[in-house]
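Student: With the input below, show me the fold.
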Amino acid sequence: LPPREDAARVARFVTHLCDWGALATISTEEAVRGWPFADILSLSDGPPGAGSGVPYFYLSPLQQSVGHLQENPDATLTMSLAQTDFCRKRGFDPQSPLCAHIILAGTVTKVNETEVDFAKRSLFIRHPEMKTWPSSHNWFFAKLNITNIWVVDYFGGPKIVTPEEYYNVTFQ
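Tutor: Model (predicted):
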């Protein structure tokens, strides 16, 4: 884990290490229209060791979240080091602020043609099973265009990171 004082670096670290997250949308389902609706999605910000910071997804119109996003593309994505060995090895409860997690807010959009190859390589290298999913589901590549970032990695509340700070992080 990078130093907790460097919240932007912590956010990029968590994004790159995590292979999935909980994406919250605003429901369009009749029974819960307008309510928050979370779904687990596999993701990748790039091949291992070469993260871009952009969370990419492989989505199908058959997924409930995709239906919600078609009406309102705003979403939040939560990722936590609880999905790695980091917290377990240290005895941190998944809800503990010491078990770093981040919340990214923004809009989910299909990737354009210039990004498709990178998104595909990034996702399929981490999630090889995706290559075998039924083509009849009309899968497409999408990304979260990040507008807001919160980092929870210690007691005392979240740290706010700007997208500019987040994307300016470099790793050696």
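Student: Every contact and neighbour count from this point should use C-alpha atoms.
Tutor: Will do.
Student: Neighbours of residue 136, how many?
Tutor: 7 (other C-alpha atoms under 10 Å).
Student: how far away is it from residue 50?
Tutor: Residue 136 sits 31 Å away from residue 50, going by C-alpha to C-alpha, to the nearest Å.
Student: Check residue 128 too.
Tutor: Residue 128 is 17 Å from residue 50, where distance means C-alpha to C-alpha.
Student: so residue 5 is in which element?
Tutor: Under the criterion DSSP states H and E, no helix or strand holds residue 5.
Student: Other residues contacting the lengthiest helix in the chain?
Tutor: Longest helix in the chain, counting residues (DSSP state H): helix 113-126. Helix 113-126 is contacted from outside by 19, 43-48, 56-58, 111, 130-131, 141-142, using C-alpha atoms under 8 Å, 6 or more residues apart in numbering.
Student: can you check stretch 142-150 too?
Tutor: By C-alpha under 8 Å, 6+ apart, stretch 142-150 touches 54-59, 102-111, 119, 158-163.
Student: Figure out how far the strand ranked longest in the chain is from the centre of its chain.
Tutor: The longest strand of the chain (DSSP state E) is strand 140-152. Relative to its chain's centre, strand 140-152 lies at 6 Å (C-alpha atoms, centre = their mean, to the nearest Å).
Student: cool, stretch 132-150 as well?
Tutor: 10 Å.
Student: Could you tell me the end-to-end distance of it?
Tutor: By C-alpha to C-alpha, the extent of stretch 132-150 from end to end equals 35 Å.
Student: Could I get the buried residue list for that stretch?
Tutor: Under the neighbour-count criterion of 16 or more other C-alpha atoms under 10 Å, stretch 132-150 has 139-146, 149-150 buried.
Student: looking at the contacts of helix 113-126, which has the most residues close by?
Tutor: Sorting the contacts of helix 113-126 by how many neighbours each has (other C-alpha under 10 Å) puts residue 44 first, at 31 neighbours.
Student: Identify the bridge partners of that residue.
Tutor: Per DSSP bridges, the residues bridged to residue 44 are residue 56.
Student: Wait, it touches residue 16, no?
Tutor: Yes. Here residue 44 reaches residue 16: they are 7.1 Å apart, a contact under C-alpha atoms under 8 Å.
Student: what about residue 81, distance to residue 47?
Tutor: 18 Å.
Student: Check which helix or strand residue 109 maps to.
Tutor: Using DSSP H and E, residue 109 falls in strand 101-110.
Student: All set now, cheers.
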